[in-house]
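Asks: pasting the sequence and the predicted model now:
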Amino acid sequence: MNSDLYLPAANDRNDEPGIIERTVLNEYKYGFVTDIEADEAPKGLDENIIRFISAKKNEPEWMLEWRLKAFRHWLKMEEPTWANVSYTPINYQDIIYYSAPKQKVNPANLDEIDPELRRTFEKLGISLDEQKRLSGVAVDAVVDSVSIGTTFKKQLAELGIIFCSMSEAIREHPELIKKHLGSVVPITDNFFAALNAAVFTDGSFCYIPKGVRSPMELSTYFRINAENTGQFERTLIVAEEGSYVSYLEGCTAPMRDENQLHAAVVELITMDNAEIKYSTVQNWYPGDKEGVGGIYNFVTKRGICKGVNSKISWTQVETGSSITWKYPSVILKGDNSVGEFYSVAVTNNYQQADTGTKMMHLGKNTKSRIVSKGISAGFSNNSYRGLVHVSKGATNARNFSQCDSLLLGDKCGAHTFPYIEVKNNTAMVEHEATTSKIGEDQIFYCNQRGIDNETAVALIINGFAKEVMNQLPMEFAVEAQKLLAISLEGSVG
Amino acid sequence: MNTKEYFKEQFEQSNVQDRNNLLDVVRRQAFDTFSKLGIPGAKHEEWKYTRISGLFNKEYSFGVNLTQDPLTQADIDAIRLPGHESANELIFINGRFSAQLSIVRSSQLIVLPLEEAARGEYRQLVEKHLGHSSKYQKDGINALNTAFVQAGIFICVEKGQVPDHPVFIYNVADAKAVNVLSQPRTLVCIGEAAQVQIVETFSTLGSQESFTNQVMEIIVEKDAFVEYYKIQNDKANAHQVSTTHIRQIGKSHTHAVTISLNGGMVRNNLNVVLEAAHCEAHLYGLYFQQGSGHIDNHTVVDNVEPNCLSFELYKGIMDDASTGVFNGKIFVQPQAQKTNAYQSNKNVLLSREASVNTKPQLEIFADDVKCSHGCTVGQLDEEGLFYLRSRGIPEKRAWSLLLQGFTMDILEKIKSPAIRTYVDGLIAERLEFRSHGQQEID
């Protein structure tokens, strides 16, 4: 029998070049620039710039000292080169480290925010108005370097929850900041974390008091707007005993030809019986189809389960950025604590991603679970790099890791670098990884039932990523699914 | 004197000047590489978990220059493998091939000193293949071996030949009087449709420190079949870095089994480069380490051409305060479509002090492939233990039965019955010892 009969999908491929072209034409829809006046620092980085940033934000003396200490340490550090990514060296003197939309200082209410800015957020589908109360998400919006407004503050305050910009927190709650800032990611941690500590301009701070369950999702929306700027925000979430919070983070940036640096730090702390669920949909501008421009996303994210029975869960959908370098980690210090990492990383065109997680098992009966799904298309490279460390005292530690890669096209690469270090004989650690492409038999099966190639591919990819998507809160799941479809539409077919 | 200076002096003494001498040219290049790279430290990604620089703090007598009492027949008899009566026996002493002690029984087997092969009719083969391993072992330790290639051997099985006896290679270090550094070197060419079985062991005599830095390069041509067994059951004063680099340059089949049961600091590099379509490679490994021993297995399977198949299974048991390391890399190059690669690493930790670091690694540049890896670290199945206990088997006995079962997957891959029985015996003896005393074994 003619074997061609079995492979309509393979044959169709040649007949429909249109699909690929359509994908390419599918432009980054958040690539617009908002024309607002910005208050900027001059380009470059030295101690004066740090003093300038600190002064702009009316920071107390101890904060400035902290920044300068980080900066002096950063000067002694070398940029890491171990990641499986390549880029032309970054000129750290060619970046604007402070850029803020010019507006009234401390808007008393959201109506006072520049209408142009508000329109930006409406375009992005984020409502700063409280009209959409039904959506029930409290948002802190950060443009370029500073937070421009936080919604639902009052309602949260009634429960004792503090949700505000980092600058505000430094002024209003210095005792909490002093205690926790840099306690998970110390200023000396790594090159980009040290840089962030020196120049971070804003970010979100969130504090959930003892026994409180946050009634709504808290969310930060990051937006890079101005040219030549770097975005360095810092997020700190502290969940006291028995509390719970679900936190969302989203990111977009305009389309530009030069690469912009985003070096953020996120710190999570959970006390006894507390839980933090942190979800990210990262859609920074990935560069054009030739690989020009795009965001360098070099982020340090780490949480510590300080108390017993506490839990930290990271979920990320990474579709944007020209280079992603990111390892959301959990230090499982408290006994019986749980760490989770769910990730979908999609790379297309010339994007590069080196992402994964670290699970450090220190306490007894600690558990961790890693599910990572990588999808590579075009000329991109997608790497999973993870570490599971079971220390001597971590009796009965348990880990399960699964890393699957899907390759769409023969010009891309998928790589897996799992490190497993076990120093305790009661530990159970399992790791498995697979790499494959979409099976012709799977496409055939769909075709046979009247589903065209494109829909079939979307269906299969959705199924591939489902385990992670299921972890996302409702509002994000829809957006993330659309993103997946947009990023990959027609890469195979 | 630091390590580099020491070797520089040694190298200059060995007078490597002749531009027309192939080996001298290769050695000089390798020495330049060594001078640049030095001994790999902990910052070197491939040596992250295995520190060997400490080994170089000791004073070694350089095996090559060593003159001392020749070994007695009794010494040799003690290290012989079962089945040696009908095997080709090649003996290296302190890294130097000893023609007197070696016996070649098969007429189909050509064994020549490397220097002679490099001058004579095999010059082309030597020129083409010697030193290829440096493309995969990009560190000073591999270059160090090449820089001091002396008294190495060239083994060749010509087209269509099948030696009627296996090849046993004994790497002997005579550390009775002084610390000794040996650097054996072998180049093996297996011609078209030829077949050979190689068994290699490492033995140290005496109680001084011994460090063996060995490199073996094997070239496998079209339709050839190679079986390779590496058996390490040396003493705690024996350290080694042992590199086996296999190039399958025609559609061929490799079957390699690495058994590491003892030793001080042991590092095995096994590289298999699949340079032709439809190659097949099977890699198996078993490590059962005790005391404060360290065992590190690094493997590479590089799929260069399409339609290759590789299967890899490594199992480890870590006892006492031993440490185990596994790093398995699978590369799939862009043109190597339809690759089917599987890799699995399973570890059991028996004691509180034992630890394991494992890193299975995939780097894939082709899309139409089936690649997977899995790895586990854990304990023996309690249900299995319960089953045996409920049938009246004492606990310690039950443990050793389960462990023996764990090793079975690998042992049954040894195709030579005599060698399999021998290794099985070594493991049974070890388990017996353990099951009676549960004591620390030296």
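Replies: In hand now; what should we look at? For clarity, every value in this text was computed on a predicted model and none was experimentally measured. Numbers count the residues shown, from 1 in each chain, chains lettered A, B, ... in the order given.
Asks: can you tell me what sits against the helix ranked longest in chain B?
Replies: In chain B, assigned by DSSP state H, the helix with the most residues is helix B:417-437. Contact with helix B:417-437 is made by B:81-83, B:199, B:229, B:231, B:233, B:259, B:261, B:288, B:290, B:319, B:396-397, B:399-400, B:403-404, B:407, B:411-412, B:414, B:441, as judged by CB atoms under 8 Å, 6 or more residues apart in numbering or on different chains. Where C-beta positions appear, they are placed from N, C-alpha and C, glycine not excepted.
Asks: of all the residues in it, which ones are buried?
Replies: In terms of neighbour count (16 or more other CB atoms under 10 Å in any protein chain shown), helix B:417-437 has its buried residues at B:418-420, B:422-424, B:426-427, B:430-431, B:434-435.
Asks: kindly report the same for stretch B:28-39.
Replies: B:28, B:30-31, B:33-34, B:37-39.
Asks: how about the residues you listed in CSV, adding pLDDT and secondary structure?
Replies: Output for these, formatted as CSV (pLDDT from 0 to 100; DSSP: H, G, I helix; E, B strand; the rest coil):
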residue, pLDDT, secondary structure
B:Arg28, 91, helix
B:Ala30, 92, helix
B:Phe31, 92, helix
B:Thr33, 92, helix
B:Phe34, 92, helix
B:Leu37, 90, helix
B:Gly38, 88, coil
B:Ile39, 88, coil
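Asks: give the pairing partners of the lowest-mean-pLDDT helix or strand in chain B; include direction for each.
Replies: Using mean pLDDT, DSSP states H and E, the weakest-scoring helix or strand in chain B turns out to be strand B:61-62, at a mean of 74. Here strand B:61-62 is paired, per DSSP bridges, with strand B:180-182 (parallel).
Asks: after the strand it pairs with, which helix or strand is next?
Replies: Using DSSP states H and E, the helix or strand that directly follows strand B:180-182 along the chain is strand B:185-190.
Asks: that next one packs against which elements?
Replies: Using 3 or more CB pairs under 8 Å, 6 or more residues apart in numbering or on different chains; DSSP states H and E, the elements in contact with strand B:185-190 are helix B:114-119, helix B:123-129, strand B:153-157, strand B:195-205, strand B:210-220.
Asks: so which of those gets nearest A:Lys179?
Replies: The closest of those to A:Lys179 is strand B:210-220. By CB to CB, the value is 52.0 Å.
Asks: could you dump the closest one to PDB, C-alpha only?
Replies: In PDB, the C-alpha atoms belonging to strand B:210-220 read as follows (Å, rounded to 0.1, in the frame of the first residue of the first chain):
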ATOM      1  CA  SER B 210      49.100   4.800  42.800                       C
ATOM      2  CA  PHE B 211      47.500   7.100  40.300                       C
ATOM      3  CA  THR B 212      46.700   5.800  36.800                       C
ATOM      4  CA  ASN B 213      45.700   8.200  34.100                       C
ATOM      5  CA  GLN B 214      44.700   5.900  31.200                       C
ATOM      6  CA  VAL B 215      43.500   6.700  27.700                       C
ATOM      7  CA  MET B 216      42.200   4.100  25.300                       C
ATOM      8  CA  GLU B 217      40.900   5.000  21.900                       C
ATOM      9  CA  ILE B 218      38.900   2.500  19.900                       C
ATOM     10  CA  ILE B 219      38.000   2.900  16.200                       C
ATOM     11  CA  VAL B 220      35.200   0.700  14.900                       C
END
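Asks: pLDDT on it, on average?
Replies: Mean per-residue pLDDT for strand B:210-220: 95.
Asks: distance between it and the chain's centre?
Replies: Its chain's C-alpha centre and that of strand B:210-220 lie 7 Å apart, by CA atoms, centre = their mean, to the nearest Å.
Asks: so what strands line up beside that strand?
Replies: strand B:180-182 (parallel), strand B:185-190 (parallel), strand B:238-248 (parallel).
Asks: what stretches of the stretch 151-300 of chain A score poorly on pLDDT?
Replies: Within the stretch 151-300 of chain A, the stretches with pLDDT under 70 are A:151, A:222-229, A:251-258.
Asks: go on, chain B?
Replies: Chain B contains residues with pLDDT under 70 at B:1, B:63-69, B:435-442.
Asks: give me every residue in it lying close to chain A.
Replies: Within chain B, the positions adjacent to chain A are B:45, B:334, B:337, B:347, B:349-352, B:354-379 by CB under 8 Å from any CB of the partner chain.
Asks: narrow these to those in strands?
Replies: When DSSP state E is applied, the residues of chain B next to chain A are split such that B:347, B:349, B:355-364, B:370-378 fall in strands.
Asks: all set now, cheers.
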